[in-house]
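Enquirer: Sequence below, structure please.
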Amino acid sequence: MKRARLPVFLSAVCLLLCAAFSVASADGVADFSLEELINIEVTSVGKKETRLHRAPAAIAVLTDEDLRTLGANTIPEALRAVPGVHVARISGNRWAVSARGMNDEYSNKLLVLMDGRSVYSPMFGGVHWNTPDLVLEDLDRIEVIRGPGATLWGANSVNGVINIISKSARETQGGLVSSSFGTEEQPSVSARYGGTLSSNFFYRVYTKYYNREGFDGASGNSMSDDWSLARGGLRMDWEPGDQNRFTLLGEYYGGVFGEQIGKIAIYPAPAFRNIGIEADASGGNLLGRWISHFSDESELSLQVYYDRYQREHAVGGGTLVASPNEFAPGQNHVTETRDTWDVDLQHRWHGLARHEFVWGAGFRTTRDYVDAGGAEVSWNPARTSQNLFNAFVQDEISIVENAFSVTIGSKIEHNDYTGFEFQPGGRLLWTPTEQQTVWASLARAVRNPTRLERDGRINIGAVPPMAPTDPAVIVTATPNRHADSETVIAYELGYRIEPSASLSFDVAGFYNDYELLANRVGGFSFQPTPVPHVVQDYGPKNGISGYTYGAELLSRWQVSPAWRLTASYTWWRSHFEVSPYSDVTNPEHQFNVRSTVSFGRGWEMHAAAYYVGSLGAVPQNSPGPVRIPAYLRGDLGLSWKLSDNFEFSVWGQNLFDGGHPEFGGYKSARFAEIPRSVFGKVTVRF
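Expert: Residues are numbered from 1 along each chain as shown. Now for the predicted structure:
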């Protein structure tokens, strides 16, 4: 009981300190006032600039100022502050991130974009959260839509869209060096320089390197999850006239990611071994975008990008060897090499009275080669090429000018796996007063089968023989060439209100009806080699029905010119008759409260508390779900902005306990303990 009361007591102390400092200071607390935050322009909802307060969707925005006051060193850690988003750290370099449920290490219902370039993986349908990154001081904002965005963004944006947008080169002139060092950061260094080639041609070049410490398990043994990564790139923005803009972005990165996997050897006798391995990842991309702004009522954009990466995927699971010492390095990796070309055309047109159209078309082709490297894993075929064609149209109809509008549209796509997919949607927007917004939406979205579900076979577990004469059983995830897309019919209702210039509320409720694709137990087959054994099919099957529902609340309160409070709450429930969705890998309740206060002469104090309810996990070879207890995380930071050119901060994170698990992975039966950490950061501009 005393331990449970301590976090609450510390949180209260932090808030009281903030209150005391706020009374004593007249300095502003942030670069954005509350009014400016509410009216920030967003583009992800309608593929056009829309005031956040008037957006007909559940959307939240994290600015560069938010990242600074959160003390976040990675993008997934910053997303903890967004209502409706569940962020759980699996290890030192792996996260599970989802919106509105169904979280997983390979969460596959969330579309993530970096400056318009998709980082959603066709291999397994999720995001490798340890590679999307940038110099965080060059981040403009992260727009997070909860709920389907398929009408505009297409397949795989089933539960949400995260759009990470960097600042233009015009906004990042001059030099910047930022470095952090601490118990996890060992160290992290960013450098950027921006300049001009002419009066309307701006550029920046940047590089970033970090080396981060890994975590331990509950027993104190290392999880072998240290990681390091270096990246470098450039951005150029050319503005040949008031109507035209051209942007060119490119980068290259490479890193090494430590990971622990569990191997189960079942011949001639059962044996289990945890293995610490390293996996390499490297890649690069180049994106060009031309925008012609003909008038306030017409705009045309053309975007083209190329992306290439090579990544080693660590593989755990069951195997047939005579001794655990026979585990070969090649058996532990799958190497994926992928090339992607994408072309996207979009036009906004306001040619009819009360109608504003946005339409577009695109083409994407991706080619991959998968080197399985061992008998436990295979891909057939090893090489594939997949093409995606799409077209969309959306019409925003103003029924009552500046008061009531209806938006309808659909995206049509054709992919090589399931053929044509239709993803229609509609939104209603009512603004009874300048301070209030009400919206409702109905949409259909799909999630296409992945390369793994269609072509991959992986030994995911093993069951030792019950008697010396019985064969061993290997549990194998087998492909399904006839798999159809997952679908969701999503309903949403939301309300925003700004009772005063210092207070705002944003609440949304949702109900999602799913038809899913998931692994289910199938038949048995006998295999005579390399030793007699039985394979149990555990392949992906369609026809899994269920629903989720919940509510999300976000509130901001400018208590005084020097003190700002932000709080959010998420409630989520689900009903599915079969695993894995019945195991509830999302907490029913999440809550966070954040405080930033200025007490003069450039000094600021930042405090935050995050509560995450208990959830289920299915570790490797587990007969059923394991409960991960609820936890309360506390962060405290102190920053000093000596001038516009120098800033220093020190942070303590996860202060309320020495370590706690947040999520379980498939590759190991062990859970990483997320530890208490401390780091300091220095940023110099010139």
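Enquirer: From the opening residue of stretch 648-668 to its closing one, how far?
Expert: Terminal residues of stretch 648-668 lie 39 Å apart, using Cα to Cα, to the nearest Å.
Enquirer: Which parts of it count as buried, going by neighbours?
Expert: Residues of stretch 648-668 classed as buried by neighbour count (16 or more other Cβ atoms under 10 Å): 649-657, 660-668. In short, each C-beta sits where N, CA and C put it, glycine included.
Enquirer: quick one: contacts for residue 485?
Expert: Residues near residue 485 by Cβ atoms under 8 Å, 6 or more residues apart in numbering: 155, 417-418, 421, 446-449, 517.
Enquirer: Look up how far residue 517 lies from it.
Expert: From residue 485 across to residue 517, the span is 8 Å (Cβ to Cβ, to the nearest Å).
Enquirer: hmm, who's touching the helix or strand in which residue 609 is found?
Expert: Per DSSP states H and E, residue 609 falls inside strand 603-612. Strand 603-612 has contacts (Cβ under 8 Å, 6+ apart) with 7, 11, 14-15, 17-18, 21, 29, 69-71, 80-81, 86, 88, 587, 589-599, 630-641, 662.
Enquirer: Show which residues not belonging to whatever helix or strand comes next after that strand make contact with it.
Expert: The first helix or strand that comes after strand 603-612 along the chain, using DSSP H and E, is strand 615-617. Residues from elsewhere that reach strand 615-617, judged by Cβ under 8 Å, 6+ apart: 88, 103, 583-587, 625-628, 663-664, 671.
Enquirer: Including pLDDT and secondary structure, could these go into a markdown table?
Expert: Listed next are the contacts of strand 615-617 as a markdown table, based on pLDDT from 0 to 100; DSSP: H, G, I helix; E, B strand; the rest coil:
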| residue | pLDDT | secondary structure |
| --- | --- | --- |
| 88 | 95 | strand |
| 103 | 90 | coil |
| 583 | 56 | helix |
| 584 | 71 | coil |
| 585 | 82 | coil |
| 586 | 89 | coil |
| 587 | 94 | coil |
| 625 | 70 | coil |
| 626 | 80 | strand |
| 627 | 85 | strand |
| 628 | 90 | strand |
| 663 | 91 | coil |
| 664 | 84 | coil |
| 671 | 89 | coil |
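Enquirer: Are we agreed that residue 454 is in a helix?
Expert: Yes - counting by DSSP: H, G, I helix; E, B strand; the rest coil, one finds residue 454 located in a helix.
Enquirer: which strand residues sit across from the residue nearest to the spatial centre of the chain in the sheet?
Expert: The residue lying closest to the centre of the chain (Cα atoms, centre = their mean) is residue 97, at 5.1 Å. Taking DSSP bridges as the rule, residue 97 bridges to residue 87.
Enquirer: Report pLDDT for it.
Expert: Here, the pLDDT recorded for residue 97 equals 95.
Enquirer: residues contacting it?
Expert: Neighbour list for residue 97: 76, 79, 85-88, 103, 107, 110, 127, 129 [criterion: Cβ under 8 Å, 6+ apart].
Enquirer: And residue 553, by the same measure?
Expert: With Cβ under 8 Å, 6+ apart, residue 553 has these contacts: 83, 505-507, 568-570.
Enquirer: Show the buried residues in these.
Expert: Looks like the contacts of residue 553 have 83, 506-507, 568-570 buried, using 16+ other Cβ under 10 Å.
Enquirer: Dump the residues you listed to a markdown table, plus distance to residue 215.
Expert: Converted to a markdown table, those look like this (distance: Cβ to Cβ, whole Å):
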| residue | distance to residue 215 |
| --- | --- |
| 83 | 27 |
| 506 | 34 |
| 507 | 36 |
| 568 | 27 |
| 569 | 28 |
| 570 | 25 |
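Enquirer: of all those residues, which two lie farthest apart?
Expert: Using Cβ to Cβ, the pair of the buried ones among the contacts of residue 553 lying farthest apart is 506 and 570, separated by 12.4 Å.
Enquirer: returning to what we had before: which ones among the contacts of strand 603-612 lie within strands?
Expert: Using DSSP state E, the members of the contacts of strand 603-612 that fall in strands are 86, 88, 589-598, 631-641.
Enquirer: got the angle between the strand holding residue 609 and strand 589-598?
Expert: Here the directions of strand 603-612 and strand 589-598 differ by 180 degrees (axes from the mean of the first three to the mean of the last three Cα atoms, to 10 degrees).
Enquirer: can you confirm residue 479 is in a helix?
Expert: No - according to three-state DSSP, residue 479 belongs to no helix; its state is coil.
Enquirer: From residue 567, how far off is it?
Expert: Where residue 567 is concerned, residue 479 sits at a distance of 46 Å (Cβ to Cβ).
Enquirer: between those two, which one's more packed in?
Expert: More crowded of residue 479 and residue 567, by other Cβ atoms under 10 Å: residue 479, with 20 against 16.
Enquirer: Dihedrals phi and psi, the more buried one?
Expert: Dihedral pair for residue 479: phi -80, psi 160, per degrees, to the nearest 10.
Enquirer: Low-confidence stretches in the stretch 101-250 of the chain?
Expert: For the stretch 101-250 of the chain, no stretch has pLDDT under 70.
Enquirer: Now residue 171: phi and psi?
Expert: Dihedral angles (degrees, to the nearest 10) for residue 171: phi -80, psi 0.
Enquirer: if we can go back for a sec, export the contacts of residue 485 to TSV and tack on distance to residue 615?
Expert: Formatted as TSV, these follow (distance: Cβ to Cβ, whole Å):
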residue	distance to residue 615
155	27
417	31
418	31
421	31
446	26
447	22
448	27
449	26
517	22
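Enquirer: Which residues are in contact with residue 114?
Expert: Residue 114 makes contact with 132, 134, 164, according to Cβ under 8 Å, 6+ apart.
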